[in-house]
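*Asks:* can't give you the sequence, but here's the structure:
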C-alpha cells in the first residue's frame, strides 16, 4: 500500500514536472518566435528607414560622421524643391538658399521634372493596365471555359512568352521603334510593357476562371446569353479579386520598369520616374539627401498599394506563380 | 490539364474547326495579336539581326555574316568574364534567397500575434522599384557617409571608413545582397504555399511515433517542400541571370570588370559600342539559356498541377 502511494506520488511529481517543462518549452518557443520576428522586421525595415531618415536631413547633417540615424533638424527642403519649383523660379545650385556652394548640396535643375516623370509613370501604368484587361480577360475566359482544339497549345505558348528575358527584346524593339518614329514617346513604353505584363495577366485570370464552376457558363448560355454576355454579366462580377490582383501587378510592374524605359526615353516628354532617379544617381554632384527624397517619392505609391492590398497580392502571386 | 488533353484527343479531325474553335478565336485574337507583335516577332527579328554585322556608326554597311557573331563569342575574353560573373552572382543570390526564404517561411507558418503585420511588412521590398532599391543600397554602401560604414564604425568593427563598392572581391557580393533583399519576399510567399499544403496528419502521426521536432522537420517538412524549392530556385535563377538595374546604378560593371555581368555586357556592346548584331547574338544566347531553364520550370509546375 505504501508502495503504491509513493508510486502515485512519483507520477504526480512527474506530472507537475512534465507540465512545468511543457510551459517552459512553450515560453522558449514564444521567445524564439519573437526574436526571429524582430530580426526579420529589422532586416526589412532598416534599409528603408535609413533612406527615409536621410531624405529629411539637411545637407550639413547628412555628411556627419558617424551618421545621424534620426534627423536632429528634420527638413522638407528636398520635397519643396521638387514640388515648389515653377518655370520661372528654377531651383539650382545658385538659387538654393542657405547652402554654401562649397559644401555641396546640389539640387539638380532637373528636379522640377520629377512631378512630370511621376505623371508619365502613372499615365503609362494606367494605359498598360487598361490594355492588359482588354486583351487578357477574354483570352483567360476562352482558355478556362471554352473546350477548343489547341487549348493546351495556347497555354504553353503564353507560358513561353512569359519567360522571354526583357534584355533579349531590347535590340529588336529599339530598331523597330526607331523606324516607327516612336522613340521618346509614351506609346513606345506602353506597347513594349505589354510584352512583360500580358502573359502574367492571362495566367492569373485563367487560374481564377478555371476555379469558377463550368455550370455557370452553361446556365448563362441556356438562358440565352452569348459567350460574350456570359463573360461580361456572369464571370466578370465574380472574378473581381483576380481583376484587382491583375491591376495591381500590372501597375507595379509598369511603375517599376527600368530597362526598356532606359532605352526608349530621352527627354522629360516621356521619361518615367525610375529613369530620372537613375539619372540623378549617376550625377556625382547631386546631394544624397535630395536623391533619397526622390527615392522616397518613388517607393511611396507602391508601398501604400502593397500594404492596402496585401491579401490580393499574396493570393495573386501564389495563383500566378505556383499553380501556373 | 490531363483532362483537356484527352478531351481534345477525342475530337475527330473533321470537327477541329467547329463552333467552339470559332468562338475561341474571337476571344483569343487580341491577345495573340499582342503577343505575336511584342514577343514572338521581336525574338525572331533578333535572331535575324544576329546574323548581320550591324554597327550604328556605319549604318549603310550591314553585311550578312552567318554565325560569326556567335563564333566570335568563343574568343571574346570579356564575354566569358561576364558569363563567369553572372554565374557567381546567380549562385550566391539564389542560394541565399532560398535559405533566407526557408527560415522566414517557417517563421510565418507559425501562429503568433503580429504575424499578419510581419507578412505585410515583408511585401515592402517586393513592391518598391529596383531603381529605388539600387539607390538605397548605393547610399548604404556609400564610402563617405553611408550607413554600413557608420554602423560598423559605431560598433567598433572597423577603424576607418571602407570604400565598399570599390573592392573588387566584395562588389559582386554586395550587389547580390541588394538583390536578395528584394527577392526574398516573393520566394517566401512561394515557399509558404508549399508549407501550408503539407497535411497536418503527417505531423500528428510522426508525433505519435515519437519523432522529435528536428526529426519532423527533416523527414516531413523538407521533403514536402521540394517542389516549392525547385520553383523558387528556377524562377530566381531566371531573374538573377538577366538582372540589370542594380549593376547599372551601383557599379556600371566596375570596379575593373568585377561586376561586369552578361546583361551589362550586352548593354555596353549594344548601346555604347553601338554594335547591334553582336548585341542581338548575345541576348539570344541569354534567351536560350532562359528557355532551357523555363522548360525545367514548366515541367516542375506541370508535375504539381
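*Replies:* In hand now; what should we look at? Keep in mind the model is a prediction, meaning the values are calculated, not measured.
*Asks:* Stretch A:296-308 near chain B at all?
*Replies:* Yes - using CB under 8 Å from any CB of the partner chain, stretch A:296-308 reaches chain B at A:298-299, A:302-303, A:305-307. (Glycine included, C-beta is placed from N, CA and C.)
*Asks:* who's in contact with that stretch?
*Replies:* Under the criterion CB atoms under 8 Å, 6 or more residues apart in numbering or on different chains, residues A:48, A:51-52, A:55, A:79, A:82, A:114, A:118, A:248, A:251-252, A:255-256, A:273-274, A:277, A:313, B:120, B:123-124, B:126-129, B:131-132 lie in contact with stretch A:296-308.
*Asks:* With stretch B:70-81 instead?
*Replies:* By CB under 8 Å, 6+ apart, the surrounding residues in contact with stretch B:70-81 are B:50, B:257, B:260, B:265, B:278, B:281-282, B:285.
*Asks:* again with stretch A:179-193
*Replies:* Counting by CB under 8 Å, 6+ apart, A:120, A:123-124, A:127-128, A:131, A:169, A:173, A:177, A:253-254, A:257, A:260-261, A:264-267, A:269-270, A:272, B:38 sit against stretch A:179-193.
*Asks:* Among these, name the buried ones.
*Replies:* Among the contacts of stretch A:179-193, those classed as buried by 16 or more other CB atoms under 10 Å in any protein chain shown are A:120, A:123-124, A:127-128, A:131, A:169, A:173, A:177, A:253-254, A:257, A:260-261, A:264-265, A:270, A:272, B:38.
*Asks:* still on that earlier bit, can you turn the buried part of the residues of stretch A:296-308 next to chain B into a ChimeraX selection?
*Replies:* In ChimeraX syntax, the buried subset of the residues of stretch A:296-308 next to chain B is picked out as below (16+ other CB under 10 Å):
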select /A:298,299,302,303,305,306
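*Asks:* Pick out the residue nearest the middle of the chain.
*Replies:* I went with chain A, as the question did not name one. residue A:252 (4.2 Å; CA atoms, centre = their mean).
*Asks:* not quite, I wanted chain B
*Replies:* residue B:239 (1.2 Å).
*Asks:* List the buried residues in the stretch of helix or strand it belongs to.
*Replies:* Residue B:239 belongs to helix B:226-241 when assigned by DSSP states H and E. For helix B:226-241, a neighbour-count test (16+ other CB under 10 Å) marks B:227-241 as buried.
*Asks:* what's it packed up against?
*Replies:* In terms of contacts (3 or more CB pairs under 8 Å, 6 or more residues apart in numbering or on different chains; DSSP states H and E), helix B:226-241 is packed against helix B:77-108, helix B:171-196, helix B:276-304.
*Asks:* So the closest residue to residue A:216 other than its chain neighbours versus residue B:30, what's the distance?
*Replies:* Spatial nearest neighbour of residue A:216, excluding adjacent residues (CB to CB, 6 or more residues apart in numbering or on different chains): residue A:234 at 5.5 Å. Residue A:234 sits 20 Å away from residue B:30, going by CB to CB, to the nearest Å.
*Asks:* swap in residue B:211?
*Replies:* Distance of residue B:211 to residue B:30, computed by CB to CB: 55 Å.
*Asks:* What of residue B:287?
*Replies:* Between residue B:287 and residue B:30 the distance is 25 Å, computed by CB to CB.
*Asks:* Name the residue in these two with the higher neighbour count.
*Replies:* Higher neighbour count among residue B:287 and residue B:30: residue B:287, with 20 against 17, using other CB atoms under 10 Å in any protein chain shown.
*Asks:* what's the more buried one in contact with, if anything?
*Replies:* Applying CB under 8 Å, 6+ apart to residue B:287 gives the contacts A:164-165, A:168, B:43, B:46.
*Asks:* Phi, psi for residue B:255 please.
*Replies:* Per-residue torsions, residue B:255: phi -70, psi 140 (degrees, to the nearest 10).
*Asks:* just residue A:282 next, same as before
*Replies:* Here is the backbone geometry of residue A:282 (degrees, to the nearest 10): phi -80, psi -10.
*Asks:* burial of the residue nearest to it when sequence neighbours are not counted, as a residue count?
*Replies:* The spatially closest residue to residue A:282, leaving aside those adjacent along the chain, is residue B:249, at 7.7 Å (CB to CB, 6+ apart). Residues within reach of residue B:249, counting by other CB under 10 Å, total 24.
*Asks:* Tell me the confidence at residue B:249?
*Replies:* Residue B:249 is assigned 92 on the pLDDT scale.
*Asks:* just checking, next helix/strand downstream of the host helix or strand of it?
*Replies:* Using DSSP H and E, residue B:249 sits in helix B:245-250. Using DSSP H and E, the next helix or strand after helix B:245-250 towards the C-terminus is helix B:262-267.
*Asks:* Which other helices and strands does that next one contact?
*Replies:* Packing contacts for helix B:262-267, counted by 3+ CB pairs under 8 Å, 6+ apart, involve helix A:166-179, helix B:77-108, helix B:245-250, helix B:276-304.
*Asks:* Kindly calculate the angle that the following helix or strand past the longest one makes with helix B:171-196.
*Replies:* I take that to be helix B:77-108. Heading C-terminal from helix B:77-108, the first helix or strand you meet, by DSSP H and E, is helix B:115-127. Using axes from the mean of the first three to the mean of the last three CA atoms, to 10 degrees, the inter-axis angle of helix B:115-127 relative to helix B:171-196 is 140 degrees.
*Asks:* What are the buried residues along helix B:115-127?
*Replies:* B:118-127.
*Asks:* hmm, which two among the residues you listed are most spread apart?
*Replies:* Spatially, the most separated pair among those is B:118 and B:127, at 15.4 Å (CB to CB).
*Asks:* Which residues of the stretch 151-300 of chain B lie near chain A?
*Replies:* So the stretch 151-300 of chain B meets chain A at B:153-154, B:161, B:181, B:186, B:189-190, B:193-194, B:228, B:231, B:235, B:238, B:241-242, B:244-245, B:248-249, B:263, B:266-267, B:270-271, B:276, B:279-280, B:283-284, B:286-287, B:290-291, B:293-294, B:297-298 (CB under 8 Å from any CB).
*Asks:* Burial check on residue B:210, number of neighbours?
*Replies:* Residue B:210: 7 neighbours (other CB under 10 Å).
*Asks:* I should have written residue B:89 there, sorry.
*Replies:* Residue B:89 is flanked by 23 other residues according to other CB under 10 Å.
*Asks:* do the same with residue A:77
*Replies:* Counted with other CB under 10 Å, residue A:77 comes out at 23.
*Asks:* Out of the helices and strands packed on helix B:262-267, which is the most enclosed?
*Replies:* Mean neighbour counts were compared across the helices and strands packed on helix B:262-267 using mean count of other CB atoms under 10 Å in any protein chain shown; the top stretch is helix B:245-250, at a mean of 24.
*Asks:* any weak-confidence spans in the chain?
*Replies:* Reading this off chain A. A:1-15, A:85-106, A:320-324 (pLDDT under 70).
*Asks:* That was the other one, I meant chain B.
*Replies:* Chain B contains residues with pLDDT under 70 at B:1-17, B:297-298, B:300-305.
*Asks:* chain center to the host helix or strand of residue B:134, what's the gap?
*Replies:* Element membership of residue B:134 [criterion: DSSP H and E] is helix B:130-140. Offset of helix B:130-140 from its chain centre (CA atoms, centre = their mean, to the nearest Å): 18 Å.
*Asks:* residues in contact with residue A:36?
*Replies:* Contacts of residue A:36 (CB under 8 Å, 6+ apart): B:103, B:107.
*Asks:* and the helix or strand that contains it, how far from the chain's centre?
*Replies:* Secondary structure from DSSP H and E places residue A:36 in helix A:2-55. For helix A:2-55, the separation from the chain centroid amounts to 35 Å (computed by CA atoms, centre = their mean).
*Asks:* Then stretch A:190-202?
*Replies:* Centre to centre, stretch against its chain (CA atoms, centre = their mean), the figure for stretch A:190-202 is 15 Å.
*Asks:* any idea how far residue A:26 is from residue A:20?
*Replies:* Computed as CB to CB, the residue A:26 to residue A:20 distance reads 11 Å.
*Asks:* same thing with residue B:196?
*Replies:* Distance, residue B:196 to residue A:20, using CB to CB: 33 Å.
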